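Trainee: What would the 3D arrangement of this be:
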Amino acid sequence: MPTKNKFGAFAGVFTPSILTILGVIMYMRLGWVVGNAGLFGAIAIIIIAHVIAVTTGLSVSSVATDKKIGAGGIYYVLSRSMGIPIGGSIGIALFIGTAFSIALYLIGFSESLNGYFGFGMTINDIRLTGSIALVSITIIALISTSFALKTQFIILAAIVISLVSIFFGTSQFVPETVHLLPNNTTVPLEVVFAIFFPAVTGFTAGIAMSGDLDNPKKSIPIGTLSAIGVGLIIYIALAIFIAFNVDAEVLKTDHNFLMKIALFAPAVVAGIWGATLSSALGGILGGPRILQAMSIDKVTPKLFGKGRGKNNEPIRALFVVFVIAEAGILIGELDVIARIVSMFYLAAYGFINISYFLESWANPDFQPTFKIKRWIGLLGFIACFGVMFKLDMFAMIVALTVIGVLYTGLQRKEVKLQSNDVWRSVWENVVNKGLKRIDAKVDENANWNPNIILFSGQSEHQKYLLELSKTVSGRTGVVTNFKLILDKTNSKPPLKKTEQVVQNNTFKDLGIFARQIKVDNIYNGITNIASTFGFSGVEPNTIMMGWPKGLENSTEYAKMTEALLHLDYNLLYLDFDHKTKFGSYNTVDLWWRETDSKNAEMMLNIARFIIASQKWNKTNIRVLFVNNNNVDKTTIYSKISKLVEDLRVNVAIKIINNAVEQKPFYDLIEEQSIHTDLTLVGIPNYQIEKQTEFVLKTNQLFESIGSTLMVKAANNFNVLDLNFINQK
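Mentor: Here you go, the predicted structure:
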């Protein structure tokens, strides 16, 4: 098999990058920048623009020395770091931007060529010249990438000769005074910066050739940073030279002054043409490789992923770039497109920087050989989006909207890579640090944040228990449902990742974690899970299950209950009315008595979560207090009102005087809550040996009223003072 032709740092990265950096802006606009901003202002603009270039170059170089870099340049880097949705959306945007930028370069070339030789300057003339130039560079790219890169050496030589001609030339426009600062009549510096900034966006041209490099991990850092550094030196040196040798007014009005001061004017013309053509050629080489890489990853149609020859040249993708570029040339007026394209590049650079920052901060496997400080990536990210906002907020919004639409589409398409993206590491890092902070600071008086272990069983009514568990856990609570598989013969537990984790749309839609395990005894299984599940910082604090009808005489159930009480869990038992279900989700009753001091506070917390849910947000909540000691109703009402107000729950309060009749507590509940959609009743402190009596009485209550949630609060709940005997 023939060996692929691979390129090193100079031919594969430095040359295409420096040719794009030293482009039309340097020849046609740098003088205008100096004339309007003054020397100091121009140097400041050059440095600020290069902050973005340098930080992004450093970030992408660091990422490149950690991961295997394949074809696709920036797309490959972002997709392997931040996942296909972000990498693909930025990749598509960059591909389109690269294709249209070819049209921009060739329109500039056509205007210069036609003007120099006296050809027609109408829009049709520009279109004709631009189309011929596009066909020419496309043919060069079709011949071979190697041939195309060799032609860039000729162009690079032309640019070097033109710069020598400029620096050794003589000026007839020497200023009397060098303008160091802008004056009041000049263009705003934001506009000047916007005109100059495209000069520094070319350093990724070499990264786009990553699939054709012999050693990307070595070539990309050396080639990219060298191109940025050389470009910075040339721009600052040329700005100083221009400021001291050409009058500011000439700089503002004459874009062709370099030809007039150069030692040999045709060399400058050759440099301008070489710069525009080389930039276009860089796009015609890099653009197809971005599309090819995305097609291989199934982001774009697979048709464009196939290449030709031993170097897998992206011929099909090249013709797509040709069509888009030709469309841009035929449009002729690309001012609006140019603004959007610039924003796409800035957005891409921003994401490269944040990709490096997140990788270095969160990914424990991130070990680049080219190491830089983490804050460099964050600085580059802030600089990119700060500049986007300052230059053109509307164009920034358009660019980010397009990227957002592409991101959403790729998420729905669910294109996945074999490797994990950085977001998993980010979330793991955030969770790890959060757990440590939570574990380090225990606040006994903090609001109840439910972490529920749910045993929902398996029945047609399971979904209602799941629904209520998620409702009472609130927005930030955690619910983990355990399915217990009774298996007394098989000693092998389910595989942890593939069998214990339950993938079910019902659980996924509700946001409930689901697990299944094998047990040889259901009650022992519940006790073991309650004793061991969870870890420091987010220990479960609540057990929820269905009410144990038919188990009133079960010693195993009694032993399990005793263990749960000993572990100091909050206990929630739901008796679900199969006929009425939760009714219309309109009424909730909370039943209090003097002995329910802890249960009462837990009920109010549950009520607060219930009314925050979508189905229960219009419900009416009542607190019903049984007054067995003939305490003044005003005193009780005032005290309960204050307790309710402190917990920010809007409720109606009803005092039931029971000192004379002394009706049983459950009889009062039957009278008052027979039509209530959900009733909350506290479980009193009782002896385990009296479980049978308690369960039987409670079963009789459930036959008369609708769905009921029995509540037993743990010791960490505050004691609400419901003893009003001494407050007469």
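Trainee: Go ahead and name everything in contact with stretch 621-637.
Mentor: The contact list for stretch 621-637, computed with CB atoms under 8 Å, 6 or more residues apart in numbering, reads 587-594, 607, 610-611, 640, 644, 649-660, 662, 665, 668, 672-673, 722, 724-725, 727-728. Quick note: C-beta positions are derived from backbone N, CA and C, even for glycine.
Trainee: residue ranges with poor pLDDT in the stretch 551-700 of the chain?
Mentor: For the stretch 551-700 of the chain, the stretches flagged by pLDDT under 70 are 646-649, 686.
Trainee: That should have said the stretch 301-450 of the chain, apologies.
Mentor: 311, 332-341, 363-365, 413-448.
Trainee: for it, what spans make up the helices?
Mentor: 315-331, 335-362, 374-391, 393-413, 422-440 (DSSP state H, counting those that start in this stretch).
Trainee: mind checking how far residue 394 is from residue 630?
Mentor: 73 Å (CB to CB, to the nearest Å).
Trainee: With residue 170 instead?
Mentor: With CB to CB as the criterion, residue 170 and residue 630 are 112 Å apart.
Trainee: quick revisit: emit the ChimeraX select command for whichever of the contacts of stretch 621-637 are buried.
Mentor: To isolate the buried ones among those in ChimeraX, judged by 16 or more other CB atoms under 10 Å, type:
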select :587,588,589,590,591,592,593,594,607,610,611,640,644,649,651,653,655,656,658,665,668,672,673,722,724
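Trainee: Just the contacts of stretch 621-637: which are in strands?
Mentor: Using DSSP state E, 587-592, 652-657 are the members of the contacts of stretch 621-637 that sit in strands.
Trainee: Roughly how far does residue 637 sit from residue 603?
Mentor: Going from residue 637 to residue 603 by CB to CB gives 18 Å.
Trainee: out of the two, which sits in the busier spot?
Mentor: residue 603 (27 against 14; other CB atoms under 10 Å).
Trainee: Am I right that the more buried one sits in a helix?
Mentor: Yes - assessed with DSSP: H, G, I helix; E, B strand; the rest coil, residue 603 lies in a helix.
Trainee: Touching, it and residue 680? I think so.
Mentor: Yes - counting by CB atoms under 8 Å, residue 603 touches residue 680, with 4.9 Å between them.
Trainee: tell me, what's touching the two both at once?
Mentor: Joint contacts of residue 603 and residue 680 (CB under 8 Å, 6+ apart) are 590, 711.
Trainee: Highest mean neighbour count out of the helices of the stretch 301-450 of the chain?
Mentor: helix 335-362 (a mean of 23; mean count of other CB atoms under 10 Å).
Trainee: roughly how far out does that one sit from the chain middle?
Mentor: 13 Å (CA atoms, centre = their mean, to the nearest Å).
Trainee: Check stretch 23-41 too.
Mentor: That offset, for stretch 23-41, works out to 38 Å (CA atoms, centre = their mean).
Trainee: what's the average pLDDT for it?
Mentor: For stretch 23-41, the mean per-residue pLDDT is 85.
Trainee: Give me the buried stretch members for that stretch, please.
Mentor: Applying 16+ other CB under 10 Å to stretch 23-41 flags 23-39, 41 as buried.
Trainee: With stretch 42-62 instead?
Mentor: Buried residues in stretch 42-62 (16+ other CB under 10 Å): 42-43, 45-46, 48-50, 52-62.
Trainee: With stretch 227-240 instead?
Mentor: 227-228, 231-232, 234-235, 238-239.
Trainee: Narrow the residues you listed to those in helices?
Mentor: Among those, the residues falling in helices (DSSP state H) are 227-228, 231-232, 234-235, 238-239.
Trainee: Can you tell me which of these is nearest residue 188?
Mentor: For these, the closest approach to residue 188 (CB to CB) belongs to residue 239, at 18.8 Å.
Trainee: Please name the nearest non-neighbouring residue to that closest one.
Mentor: Among residues not flanking residue 239 along the chain, residue 42 sits closest, at 4.8 Å (CB to CB, 6 or more residues apart in numbering).
Trainee: give the contact list for residue 31.
Mentor: Applying CB under 8 Å, 6+ apart to residue 31 gives the contacts 242, 246, 251, 254-255, 257-258.
Trainee: Residue 700: how many residues sit nearby?
Mentor: Using other CB under 10 Å, residue 700 has 11 other residues around it.
Trainee: just the one 5 residues further on next, same as before
Mentor: The criterion is other CB under 10 Å. On that basis, residue 705 has 23 neighbouring residues.
Trainee: and if you look at the one 4 residues further on?
Mentor: Residue 709 is flanked by 22 other residues according to other CB under 10 Å.
Trainee: That one contacts residue 573, doesn't it?
Mentor: Yes - the pair residue 709 / residue 573 is scored as a contact, 7.3 Å apart, by CB under 8 Å.
Trainee: What about residue 480, how many residues nearby?
Mentor: What residue 480 shows, counting by other CB under 10 Å, is a neighbour count of 18.
Trainee: tell me the secondary structure for it?
Mentor: Three-state assignment for residue 480 (three-state DSSP): strand.
Trainee: For it, give me the pLDDT.
Mentor: pLDDT, read off for residue 480, is 88.
Trainee: can you check the one 4 residues further on too?
Mentor: With respect to pLDDT, residue 484 scores 85.
Trainee: secondary structure element for it?
Mentor: Mapping residue 484 onto the secondary structure by DSSP states H and E places it in strand 478-486.
Trainee: helices or strands next to that strand in the packing?
Mentor: For strand 478-486, the packing partners by 3 or more CB pairs under 8 Å, 6 or more residues apart in numbering; DSSP states H and E come out as strand 451-455, helix 462-473, strand 513-519, helix 522-532.
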